[in-house]
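**Q** Sequence first, predicted model second:
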Amino acid sequence: RLCVRCLWLSVLLATGAYLWYVAAGMTSSATLTAIYNTSCCFVYIFSVLLFGEAIRPVKVLAVLLSIGGVAYMSFADNLSPDKTDPTRHGQSDTFVGDLVALGSAVTVGLYQVLYRHYAVPHRHNSLHFVNTMVGLLGAFTLFACWVPIPLLHFAGWERFEWPDAGSWGWIAVISLSGILYNVAYTFVIALISPLFASVGVMLTIPIVALTDWFIQGIGTT
């Protein structure tokens, strides 16, 4: 039963991740990160709708404040657009990218809630269990979630090309970072709550903005 749950959870997680990577090529890093972190709102909504979690004013206020900050960061650039920003795209592409990022946030929010309720033991939890779950999710992703790649390639909808040598190095760095992130994030979801984890991850918003400024000089004006 646990393997079956890991299978459909891995599909859900891979879908959210795929939508994130699609949106990454259509909008700025700061906007993508801000919209993605609205998953905390959907975590709370799904928790209330699917599992009857109590509606508490303090949690509602915290989520609203978080969403307000996300909305400000997402649309602040539209108030004073910088045409020299290399990450800015056409308005239509950016709007579609924002919608795709929102779809990723919804999917990830649903994944977090379902993982918490269907894949976490009620009486026992440990780092070993989290590592086992992350390993199973990774195994199902490796053996099952690659299936759409050749289908999309041969259909001509999205061409697949092997990365060059330089790209392989960055892929390795990104993969290692993703492993560390997923283990830590899954551990927080299991021990505390999906809502707490989602709100906490909003710290990535200023970190991404600072990284854009430090590496690419974006946001210095």
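**A** Cool, the structure landed. Keep in mind the model is a prediction, meaning the values are calculated, not measured. Numbers count the residues shown, from 1 in each chain.
**Q** hey, let's count contacts and neighbours off CA atoms from now on
**A** Noted.
**Q** Which parts of this protein are helices?
**A** Using DSSP state H, the helices of the chain run over residues 2-24, 29-36, 39-51, 57-79, 91-118, 127-144, 148-155, 165-191, 194-200, 204-216.
**Q** Please work out how many residues are found near V173.
**A** When neighbours are defined as other Cα atoms under 10 Å, V173 has 12 of them.
**Q** ignore the last one, A197
**A** Neighbours of A197 (other Cα under 10 Å): 22.
**Q** How about V96?
**A** Neighbours of V96 (other Cα under 10 Å): 14.
**Q** Pretty sure it sits against V22.
**A** No. Using Cα atoms under 8 Å, V96 is not in contact with V22; the gap is 10.2 Å.
**Q** List the buried residues for stretch 145-158?
**A** Neighbour-count burial for stretch 145-158 flags C145 (criterion: 16 or more other Cα atoms under 10 Å).
**Q** now that stretch, how far from the centre of its chain.
**A** Put simply, stretch 145-158 sits 22 Å off its chain's centre (Cα atoms, centre = their mean, to the nearest Å).
**Q** Tell me how far the nearest residue to F160 once chain neighbours are set aside lies from Y181.
**A** Spatially, and ignoring its direct neighbours in sequence, F160 is nearest to H153 (5.8 Å; Cα to Cα, 6 or more residues apart in numbering). Noted for H153: a distance of 29 Å to Y181, by Cα to Cα, to the nearest Å.
**Q** just V113 next, same as before
**A** 18 Å.
**Q** Pick out whichever of those two has more residues nearby.
**A** Applying other Cα under 10 Å to V113 and Y181 shows that V113 carries more neighbours, namely 23 against 12.
**Q** Can you report how many residues neighbour L12?
**A** 19.
**Q** And for the one 5 residues further on?
**A** The local packing of A17 (other Cα under 10 Å) involves 17 other residues.
**Q** Please apply the same query to F187.
**A** Neighbour number of F187 under other Cα under 10 Å is 22.
**Q** What distance do you get for it to G156?
**A** 39 Å.
**Q** Over to G178?
**A** Distance from G178 to G156, counting by Cα to Cα: 29 Å.
**Q** just D164 next, same as before
**A** 21 Å.
**Q** cool, F214 as well?
**A** With Cα to Cα as the criterion, F214 and G156 are 38 Å apart.
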